[in-house]
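Peer 1: predicted model, plus sequence, below.
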Amino acid sequence: MPAVMVVLILLDVIGCSSINEQVGPDQKIQRSLDAFKEAARRFEQQQDWANYAAAQNNLGVTYRMLAERGVEPEQNLQRSIDALTEAARLRKEQQDWANYAKVQINLGLTYQLLVQLGVEPEQNLRLALQAFKEASAR
């Protein structure tokens, strides 16, 4: 799917019918989340695995942003980990090492946030370090 089509899908899902529409930051993040979910669904249907992996990475980052804003932090961090793990699996399968490293960094940051929240700090610190090491090895 061409990049222009992806942008059009995202704009359609986000609902950019009015440039002057006033929405809060949480609403913008939620709209981004909806857009990335729809993009991922479409890429999966088309078996466009490179763009599906990119959408999963973006989902992971967006879930982490929600958690950082205090929106269901533990649940959204787990959702972030799930999406990023899928993105990492696909990037490794595709041998796309540059993007694999980026996903690993995002995983490390998500685990690091769990540590800061006091959620299984020793285990999550170990997982964060593992993800950062994996990123640096690529």
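Peer 2: Ah, there it is. These numbers come from a predicted model, not from an experiment.
Peer 1: phi and psi next, for Leu114.
Peer 2: Dihedral angles phi and psi of Leu114 (degrees, to the nearest 10) take the values phi -60, psi -40.
Peer 1: ok, now how distant is it from Glu86?
Peer 2: Relative to Glu86, Leu114 is positioned 18 Å away (C-beta to C-beta, to the nearest Å). In this view, the C-beta of every residue, glycine as well, is placed from N, C-alpha and C.
Peer 1: the two: which has the busier surroundings?
Peer 2: Neighbour count, other C-beta atoms under 10 Å: between Leu114 and Glu86, Leu114 has more, with 23 against 19.
Peer 1: OK, contacts around that one?
Peer 2: Listed by C-beta atoms under 8 Å, 6 or more residues apart in numbering, the contact partners of Leu114 are 74, 77, 120-121, 124.
Peer 1: quick check, pLDDT for it.
Peer 2: Note on Leu114: pLDDT of 98.
Peer 1: what about it, distance to Gln78?
Peer 2: 9 Å.
Peer 1: ok, now Lys102?
Peer 2: 20 Å.
Peer 1: ok, now Arg41?
Peer 2: Distance, Arg41 to Gln78, using C-beta to C-beta: 20 Å.
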